[in-house]
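J.: Mind looking at a prediction? Sequence and model below.
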Amino acid sequence: MNKKIILEETDIPQFFYNIQADLPFELEPPLNPGTKKALEPKELEAIFPKEIIKQEISKERFIEIPEEIFNAYRIYRPTPLVRAERLEKALKTNCKIYFKNESVSPVGSHKLNTAIAQVYYNKKEGTKFLTTETGAGQWGCALSFACNIFNLGCKVYMVKCSYEQKPFRKSVMKMFGAEVIASPSEKTNSGRNILKENPNCPGSLGIAISEAVEEAVKSKNTKYALGSVLNHVLLHQTIIGQEAIKQLDKAGEKVDTIIGCVGGGSNFAGLCFPFLKDKLTGNGKYKDILAIAVEPESCPSLTKGRYEYDFGDTAGLTPLIKMYTLGSSFIPPAIHAAGLRYHGMSPLISKLCEKGYIQARAYKQSEVFEASLLFARTEGIIPAVESSHAIKAAIEEAKKNNGKTIVFNLSGHGFLDLSSYEAYMEGKLKDIPVTYKDLEKSLNKIPKI
């Protein structure tokens, strides 16, 4: 059997899969932050194009991928599904381990799948400029690349601790024409208010979102693009799982366990939602599949958060959404998996977890890096620190020696995370556990809805 299962370009999905069509329950609607009433789609037009808003609320099962998006995907898709044979041998497991290698995209991560789509829909409706936030920098790199393809301006508010830890991600964004600003900054009211209270604030995705949304609302011909959390973002990522199903069928394999790391939830959803279709409907060969969402112990929204309505950003500029949250005022410790430092979780993933369709796990930073090194030394790929959470869970599942077939999403490579790996190998990296006592202040500030 081949180690790599490769598809043809003609096998790239022609449609996005919309899991909302198959949910056996209703999602709670987003709320207007002022009135606390269900948000009208028109209220989102200040920051999103109409087609994106339509996709956000759609219950149509399959949404056709426009030719312009499909042709852009051909730059790097389809991505390989790879058998981790050397990792299996090192673990002495009788399980089969596969990984969907999304690190082969031009910017090194899965984020480009939605960046291309969002920029295209904005371009089509006349948007000239996009603002966004980024944690580790993977999303900022993806959006800057996509904006370069479609000739839009791009401004990225990058979480300050990542801005300092991962300097070369800034370089990638700048190469593709984006302006990159450390967040919190003095350029917005949101940033200035945070810095006034805490001049040494390391930043968070919630703060960076506030700054990017504020700028989008105030600027002409400018919209905002989000890299995770919202329904339309997860929708665009489902090309990952659709390809994986075709690849497993081609290899004559049936997967038992699917795994992805979660910060906001986009790469987990991208791999897992097409498989979960069978579990939600109770029909098909994957109706009993186990789906595991993996997060850092220092930002444990699914495992220690509350399932409540909360703001998606720190300043309270966004709609209120029902999700697992640590409180929008929570500032996560400055861990190296910066792309997972978000206080909340996708409403879709939150609801699936609350209803028991998926499982959530959390791991310490040190054990995640240990798993990263084993994977790098066996499979020859340095993984993004975020992806390494999925690797850790896959290793733990494989150690059970139950003969199962496991697939995890390698959401990105870690070539620009080498300073983090150096800190770990030199013994300078510390675990930063978050207790319920640490969360008490931010959890108590969650709005009472």
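T.: Good, I have the coordinates.
J.: Tell me how far the residue sitting nearest the centre point of the chain lies from residue 200.
T.: By Cα atoms, centre = their mean, the chain has its centre lying nearest to residue 266, at 3.6 Å. Applying Cβ to Cβ, to the nearest Å, the value for residue 266 to residue 200 is 30 Å. (Each C-beta comes from the backbone N, C-alpha and C, glycine too.)
J.: cool, and residue 372?
T.: Distance from residue 372 to residue 200, by Cβ to Cβ: 29 Å.
J.: Show me which of these two is the more surrounded one.
T.: Set residue 372 next to residue 200 and count neighbours by other Cβ atoms under 10 Å: residue 372 wins out with 25 against 6.
J.: Name the nearest residue to that one, sequence neighbours excluded.
T.: Closest residue to residue 372 apart from its sequence neighbours, by Cβ to Cβ, 6 or more residues apart in numbering: residue 388 at 4.1 Å.
J.: The helix or strand hosting that neighbour packs against which elements?
T.: In the assignment (DSSP states H and E), residue 388 maps to helix 387-398. If you count contacts as 3 or more Cβ pairs under 8 Å, 6 or more residues apart in numbering; DSSP states H and E, helix 387-398 packs onto helix 85-91, strand 96-101, strand 257-261, strand 290-296, strand 359-363, helix 365-379, strand 405-410.
J.: Recalculate using a threshold of 7 Å.
T.: helix 85-91, strand 257-261, strand 290-296, strand 359-363, helix 365-379, strand 405-410 (3 or more Cβ pairs under 7 Å, 6 or more residues apart in numbering; DSSP states H and E).
J.: quick one, domains of the protein?
T.: Domain assignment for the chain, taken from automatic domain parsing, gives 4-10+77-108+234-444, 112-226.
J.: Let's have these in JSON lines, adding distance to residue 22 and mean pLDDT.
T.: Converted to JSON lines, those look like this (distance: least, Cβ to Cβ, whole Å; pLDDT from 0 to 100):
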{"stretch": "domain 4-10+77-108+234-444", "distance to residue 22": "5", "mean pLDDT": "95"}
{"stretch": "domain 112-226", "distance to residue 22": "20", "mean pLDDT": "94"}
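J.: nearest to residue 33, of those domains?
T.: With Cβ to Cβ as the measure, domain 4-10+77-108+234-444 is the member of the domains of the chain nearest residue 33 (5.8 Å).
J.: Determine how far that closest one lies from the middle of the whole chain.
T.: Relative to its chain's centre, domain 4-10+77-108+234-444 lies at 9 Å (Cα atoms, centre = their mean, to the nearest Å).
J.: which SS state does the nearest residue to residue 104 once chain neighbours are set aside fall under?
T.: Nearest residue to residue 104, sequence neighbours excluded (Cβ to Cβ, 6+ apart): residue 79, at 5.4 Å. Of the three states, residue 79 takes coil according to DSSP: H, G, I helix; E, B strand; the rest coil.
J.: burial measure for residue 79, as a count.
T.: Other residues within reach of residue 79, judged by other Cβ under 10 Å, total 24.
J.: Same question for residue 129.
T.: For residue 129, the count of nearby residues is 17 (other Cβ under 10 Å).
J.: Please report phi then psi for the closest residue to it other than its chain neighbours.
T.: In space, and not counting its chain neighbours, residue 129 is closest to residue 153: 3.9 Å by Cβ to Cβ, 6+ apart. Backbone torsions of residue 153, given as degrees, to the nearest 10, read phi -80, psi 160.
J.: if I pick residue 153, what's in contact with it?
T.: 128-129, 147 (Cβ atoms under 7 Å, 6 or more residues apart in numbering).
J.: hmm, back to that, count of neighbours near the residue nearest to residue 372?
T.: 31.
J.: do residue 401 as well
T.: Other residues near residue 401 come to 11 when the count uses other Cβ under 10 Å.
J.: I figured it hits residue 94, correct?
T.: Yes. Judged on Cβ atoms under 7 Å, residue 401 makes contact with residue 94 at a distance of 5.3 Å.
J.: Residues touching the helix or strand containing residue 241, excluding its own?
T.: In the assignment (DSSP H and E), residue 241 maps to helix 239-251. Outside helix 239-251, the residues that touch it by Cβ under 7 Å, 6+ apart are 1, 5, 7, 11, 13, 16-17, 78-79, 81, 100, 102, 110, 113, 254-255, 270-275, 407, 409.
J.: can you give me the strands in the stretch 201-350 of the chain?
T.: Residue ranges of the strands in the stretch 201-350 of the chain, as given by DSSP state E, counting those that start in this stretch, are 222-224, 257-261, 290-296, 306-311, 320-325.
J.: For the residue nearest to residue 104, which residues are in contact?
T.: Contacts of residue 79 by Cβ under 7 Å, 6+ apart are 100-102, 104, 243.
J.: Neighbour count and distance to residue 351 for these - can I get that in JSON lines?
T.: Output for the contacts of residue 79, formatted as JSON lines (neighbours: other Cβ atoms under 10 Å; distance: Cβ to Cβ, whole Å):
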{"residue": "100", "neighbour count": "27", "distance to residue 351": "24"}
{"residue": "101", "neighbour count": "22", "distance to residue 351": "29"}
{"residue": "102", "neighbour count": "29", "distance to residue 351": "25"}
{"residue": "104", "neighbour count": "16", "distance to residue 351": "31"}
{"residue": "243", "neighbour count": "25", "distance to residue 351": "25"}
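J.: Name the nearest of these relative to residue 176.
T.: residue 104 (17.8 Å).
J.: so the closest one touches residue 76, yeah?
T.: Yes. The criterion here is Cβ under 7 Å, and residue 104 meets it with residue 76 at 5.9 Å.
J.: circling back to that earlier point, what's the most buried one of the helices and strands packed on helix 387-398?
T.: Mean neighbours per residue, mean count of other Cβ atoms under 10 Å, is largest over these for strand 257-261, with a mean of 29.
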